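# Build me a model:
(chains A, B and C)
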Amino acid sequence: MKKLTDLWIGAGVLPIAALLYVTGLPKTDAMETSIAMNPAWYPWLLLVLAMLCGLGLMVSALLRRAGPSEGAAGITAGVRPGRMVAGLLAICLYVAGFWFVGYWVATLLFIPALSWGLGHRKPAEVALVTLIVTSLVWLVFTRLLLIPLRDWPF
Amino acid sequence: MDSLMTALMMLATPAALMAVTGGTLFGILVGALPGLGSVLGITVILPFTYMLDQTTSIALLLGTYCGSVYGGSISAILINTPGTPQSAATVLDGYPMARSGRPALALGWATVASTFGGLLACGVLIVAAPALARFGLRFGPIEYFALGLFALSCIVSVARESLLKGVLAGLFGLFLATVGQDPVTGAMRFDYGFFELSAGVSLVPLLVGLFAVSEVLWRIAGPAEPGGASIMKAGFELPSLAELRLRFWLMVKSALIGTGIGTLPGIGATAASLVSYADAKRTSPRRDNFGRGEPDGIVASESANNAVTAGALVPTLSLGVPGDPVTAVMLGALTIQNITPGPRLFSENGDLVTYLFLALIAVNLAMFVLGALLAPAFSRLLKLPEPLLMASVVVLVTVGTYSVNSSAFDLGIVLVAGLVGFVLRWLAFPLAPVVIGFVLSPMIEGSLRQGMILTGDNIWAFGASPIAAVLFLLTGLFLLWPLYGWWRGRQRSGASAHPVSGD
Amino acid sequence: MINTTFRFTARTLITGLVLGATAALVQAETYPTRPVTMVIPFPAGGVTDTLGRATALQLGEVLGTNVVVTNKQGGAGTIGMAQIAKSRPDGYTVAVVPAAPLVNQPNLRRLPYDADSFDYICQLFSSPLVLATKPDSPFKTLNEVVEYARENPGALSYGSPGPGTLPHLAMEQLLDVLDLQLRHVPFTGDGPGVTALMGGHVDLYMATGTVVSDKELPAVAAFADSRIERLPELATATEQGYALNADLWGGLIAPKGLADEHKARLAEACHTVAGSDAYRVQLKSLGTDVAYRDAEAFQAYVSKVSAANAKLIDKLGLAQ
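Purely as a prediction, here's the structure:
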């Protein structure tokens, strides 16, 4: 299992690097201009090296299948992707909220919501911490550092 | 001697001492807030210096500068977020140490190492500033390229389990830095039509996402830890003398690395502390504990990044060329105070230079005392129940990132970098090489291509520079070293039946 | 569009609700009634930033309100410029900008703004460029440089703070007029560039007079009408027979579409700032001089230089 992961990572690196090289660089006359004046040369070198590393990962994963599994890097066990997606979504919502409805509203909603979602549900404590954190951060940024935060209405 | 007395009198005024304390305090706070860094701290202070006299302004600026570099270690240790980019390497062992129930001791190590590094670099600055600055001038594009490669070779030693994955992570970092405008021709690379990408990926949102957001996600969705979080002992604990003695030479070495790199304009404290960390990992007798809360890691990083503060003042004061973005702001502030850094400063304004050195020493001492006093307050944060702490971290890093550039795009980078950081951890990639690659990439590419312009596209001419030749040789040696170790390992276990046990 | 309208309506509504009875009073007050934001499209601490902050301080005093500086860096100034261009032209967003992102960058590549996206308030500063040489350089006059470069095409190198910057284009223009070939080594800003010159890694560098005088670098010519005050020994290019001028300049702009009374108030304030002694002294310590042009002259100058540089960029094939 572990060795297979490295195989997949290696196999994934190859097309990504190739795609980046083909799509992301200005159309210069390929390798004709000098290295100094060619904007594509250095990224090209990095991507080729990355592809070599990908190949190396695949080869060593295949070789290792015959050998002992100790020392194989593979993958961290026990990660729960569903929770990750939910967590990321919550953070994205907060950042979007910060941008569109401003610091106060977003923060006062986000802290209790995340805490609730993660299973910490003591209303008094949550409310107290939310208020303290929200106002403390606001005070430090707007009053001490004189950096305006996004306050609704804009 | 006369000059020393004059300088002491200048420092011994209430205004100057208050500026030292106030500046350091403010710096620590700004540094500890993720996202806000030294540059922002100095910029906020700047308008005040317009109204203050020379000596008070200098003390205030130096305090903010050194304090912010130290302050970054606090959030690095407590919440896995480098408060300033300079503390990126402190995260690697500081946070695991705090997680294992010793946050007070981790803060103690960071404080001791920071103060030590700062003071030692001060000493070097006092003795050798003009000479060091002259030596630094011998570094042109070719030498910078060699130095960049040399620093990059340390990725090999921070790649923990799989060398290939470490190198791949490093390449990823190097690659990320190529997004945006090409430094030589101005052509666009990998911007995919997004105007904001034409400016490239900024370091602060990248670091904040890679470390802080991915850590929050990891605590939400990572493998459940057996027995839950251990009990945190909040407070501040100095390491024992025996432990200190064990790491004395490491502190000296890291401080010298920091001073040296600081002296060369344009490399910066982030690279310095990462290189110092990697070097410690390569050479320390306790290298197997690295990444699991080994004090050596904290010491190497913090001693080096605080040494950079004094190191970066070397070219700033003696040449008038800023050593890093922070000293660039300081240079502007000094100019407004009618102090013109440059070759003439030392000869014409000796008293002021001596005062500056004394103020720097005072700031480092203040940093130690204030650190010891403030650390317990900061570490109280860890007493928050984990869900509330995680939520607060998200709020802090969002606000912190926003405050740097008021940019929605930067916030997007934080989110993407958080996801990338999580996936990299999941697939057992080390994060440090990504940062090392990202920080060094512009220097490596820029100096390589500048060098090629100067030599007329002849890479072999790079070897003609003695400094570059030595650095190339060292790079080769360091790269071959792990191979040699691997070969030795094979010889020893030669009788073993298994053909491959690489990495 | 809907979004903007909605936001505008919401803002008006809420302002109305909150201010209630005092609303009429606020309306009656003269502009500006709240702090003005000044965008600076370069990182904190650079020359532009320090200049901008000095301007913000003075401008705030004249306008009687706070002028808050925000740095919006990246892309050789273009990121910040784009933001200024799309800000609301309500008089509460202004910017201090150097000329390069106005007159060079839009000619180099496609950008979400051009020189017409702004209202010009006034030009504030200018510092003439000087051609500096490395410390042990054999060249004492511009003529010696030209002669040597003519005999050895491609042998000399010059540094610049980056591709598409004012000093880069000024140098290219010089080379174009004189039909010379030098190797261009772009650095990331004056810091690394000037250090490389001091270390003798490049032969020549276009910089401002302060850089040369503070760092005691030798120089061969000043590209100004008359000799520079801090370098009285240095002959101008014109004196040496090459009638060329080059400087770093810039001023105060705002997003296009300012109300006339706001623009008039800002222009008047800008004029006062440019005339004040405190401002002159502050700029002097930063190595630049006050060079005032009124709104019309500033705009005309921007168009003129932009057109000239577009031609040069086209001729040299620098555009992406």
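
# Tell me, how many residues neighbour the residue lying closest to residue B:342 once chain neighbours are set aside?
Using Cβ to Cβ, 6 or more residues apart in numbering or on different chains and skipping the chain neighbours, the partner closest in space to residue B:342 is residue B:320 (3.6 Å). C-beta: built from backbone N, CA, C; applies to glycine. Burial measure for residue B:320: 26 neighbouring residues, criterion other Cβ atoms under 10 Å in any protein chain shown.

# and residue B:320, what does it touch?
Under the criterion of Cβ atoms under 8 Å, 6 or more residues apart in numbering or on different chains, the contact list for residue B:320 reads B:331, B:340, B:341, B:342, B:343, B:345, C:214, C:215.

# mind listing which of those are in helices?
Restricting the contacts of residue B:320 to those inside helices, with DSSP state H as the criterion, leaves B:331, B:343, B:345, C:214.

# which secondary structure element contains the closest residue to residue C:263 other than its chain neighbours?
Counting by Cβ to Cβ, 6+ apart, residue C:119 is the residue found nearest to residue C:263 once chain neighbours are left out, at 6.2 Å. Using DSSP states H and E, residue C:119 sits within strand C:118-133.

# Next, the angle from the next helix or strand after that strand to strand C:118-133.
Past strand C:118-133, further along toward the C-terminus, the next helix or strand under DSSP H and E is helix C:142-151. For the pair helix C:142-151 and strand C:118-133, the angle between their directions (axes from the mean of the first three to the mean of the last three Cα atoms, to 10 degrees) equals 80 degrees.

# Can you give me the first-to-last residue distance of stretch B:187-195?
Stretch B:187-195 has an end-to-end distance of 13 Å (criterion: Cα to Cα, to the nearest Å).

# hmm, the helix or strand of chain A with the lowest mean pLDDT in reach of chain B?
Across the helices and strands of chain A, mean pLDDT, DSSP states H and E gives its lowest value to helix A:2-24, namely a mean of 84. Yes. Using Cβ under 8 Å from any Cβ of the partner chain, helix A:2-24 reaches chain B at A:5, A:6, A:9, A:13, A:20, A:23, A:24.

# Just say helix, strand or coil for the residue nearest to the second one when sequence neighbours are not counted.
Excluding its sequence neighbours, the residue lying closest to residue A:6 (Cβ to Cβ, 6+ apart) is residue A:61, at 3.8 Å. Assigned with DSSP: H, G, I helix; E, B strand; the rest coil, residue A:61 falls in the helix class.

# where do the strands sit along the stretch 151-300 of chain C?
With DSSP state E, counting those that start in this stretch as the criterion, the stretch 151-300 of chain C has strands at C:157-160, C:183-186, C:204-208, C:219-222, C:247-255, C:289-293.

# and chain B, which of these is closest to it?
Proximity to chain B, assessed across these by Cβ to the nearest Cβ, is greatest for strand C:183-186 (5.0 Å).

# Go through that closest one and flag the buried ones.
C:183, C:184, C:185, C:186 (16 or more other Cβ atoms under 10 Å in any protein chain shown).

# Okay, now the unreliable bits of the stretch 201-350 of chain B?
Using pLDDT under 70 as the threshold, the predicted model of the stretch 201-350 of chain B has low-confidence ranges B:225-234.

# Try it again at 80.
For the stretch 201-350 of chain B, the stretches with pLDDT under 80 are B:224-235, B:265-266, B:323-325, B:328-329, B:332-333, B:335-338, B:340, B:342-344.

# residues from the stretch 251-400 of chain B in reach of chain C?
By the rule Cβ under 8 Å from any Cβ, the part of the stretch 251-400 of chain B lying against chain C is B:265-266, B:315, B:319-322, B:325-326, B:328-332, B:335-336, B:338, B:340-344.

# quick check: domain ranges of chain C?
With domains defined by automatic domain parsing, chain C comprises C:32-126+C:248-316, C:128-222.

# Can you lay out these as a markdown table showing mean pLDDT?
As requested, the domains of chain C are arranged in a markdown table below (pLDDT from 0 to 100):
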| stretch | mean pLDDT |
| --- | --- |
| domain C:32-126+C:248-316 | 89 |
| domain C:128-222 | 90 |
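
# rewinding a little: ok, now how distant is the residue nearest to residue B:342 from residue A:45?
Plainly put, residue B:320 is 36 Å away from residue A:45 if you go by Cβ to Cβ, to the nearest Å.

# just residue C:154 next, same as before
Using Cβ to Cβ, we find residue C:154 at a distance of 26 Å from residue A:45.

# do the same with residue B:357
When residue B:357 is compared with residue A:45 (using Cβ to Cβ), they lie 44 Å apart.

# rewinding a little: mind giving me the packing neighbours of the least confident helix or strand of chain A?
In terms of contact count using 3 or more Cβ pairs under 8 Å, 6 or more residues apart in numbering or on different chains; DSSP states H and E, helix A:2-24 is assigned the packing partners helix A:41-64, helix B:163-176.

# Let me know which of these is the nearest to residue B:460.
In terms of Cβ to Cβ, the element of the helices and strands packed on helix A:2-24 nearest to residue B:460 is helix A:41-64, at 17.1 Å.

# what comes up buried for that closest one?
Neighbour counts over helix A:41-64 (16+ other Cβ under 10 Å) mark A:41-44, A:46-47, A:49-54, A:56-58, A:60-61, A:64 as buried.
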